[in-house]
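Undergrad: starting from these lines, generate the structure:
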Amino acid sequence: MTISGVALLAISTLLGMVLGDVLGALLGVKANVGGVGIAMILLIAARLWLQRHGLLTTGVKRGVEFWGSLYIPIVVAMAAQQNVLAAVESGPMVIIAGAGAVAICFASVALISRLGGRTETMDEIEARERAASAALESQA
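TA: Sure thing, here's the model as predicted:
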């Protein structure tokens, strides 16, 4: 059922909001810090876990895909509620935190890319398939 996917999203969102509030309290900020991002990471992790264990039904998949397609507009609406000007005027910590987050993301992508090993590019796959079909045609 599609409702199962929505329930999975709701659980992920609630946990993300709680963890975001806890993270904000630990950092001394009176705000939710990264709750939506944490929620989406939890949703992705839950979906992958269900898929690996053969429990990802079509309904759950449809519910997750539906809400996943709405993710960007929701984040934009949430960001519009935040007072960015007041945050920047309160000190350089916001800029340092933003630059640090971007640097960590770039480094993580590079690390994951290196750990993942080499994969074929689309051009290499297409060239291999053309060579295989040409070999089959020459045999015929």
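Undergrad: tell me what the helix or strand harbouring residue 113 is packed against?
TA: Following DSSP states H and E, the helix or strand that holds residue 113 is helix 93-115. Helices and strands touching helix 93-115, as assessed by 3 or more C-beta pairs under 8 Å, 6 or more residues apart in numbering; DSSP states H and E, comprise helix 84-89. Bear in mind the C-beta positions are built from the backbone N, C-alpha and C, glycine included.
Undergrad: okay, the angle between the helix or strand in which residue 20 is found and helix 93-115?
TA: Counting by DSSP H and E, the element that carries residue 20 is helix 2-27. Compare the direction of helix 2-27 with that of helix 93-115 by axes from the mean of the first three to the mean of the last three C-alpha atoms, to 10 degrees and you get 120 degrees.
Undergrad: and the next element down the chain from helix 2-27?
TA: Using DSSP H and E, the helix or strand that follows helix 2-27 in sequence is helix 35-52.
Undergrad: can you tell me what sits against that following helix?
TA: Applying C-beta atoms under 8 Å, 6 or more residues apart in numbering, the external contacts of helix 35-52 come out as 8-9, 11-13, 15-21, 23, 56, 60-61, 64, 68, 71, 74-75, 78.
Undergrad: at 6 Å what do you get?
TA: The list of residues contacting helix 35-52 from outside it, by C-beta atoms under 6 Å, 6 or more residues apart in numbering, reads 8, 9, 12, 13, 15, 16, 17, 19, 20, 56, 64, 75.
Undergrad: ok, so of those, who is nearest residue 124?
TA: Using C-beta to C-beta, residue 56 comes nearest to residue 124 of those, at 30.2 Å.
Undergrad: quick check: that closest one vs residue 50, distance?
TA: The gap separating residue 56 from residue 50 is 4 Å, by C-beta to C-beta, to the nearest Å.
Undergrad: same check on residue 125?
TA: Following C-beta to C-beta, the distance that separates residue 125 from residue 50 is 29 Å.
Undergrad: by mean pLDDT, flag the weakest helix or strand of the protein.
TA: Every helix and strand in the chain was compared by mean pLDDT, DSSP states H and E; the lowest is helix 71-80, with a mean of 66.
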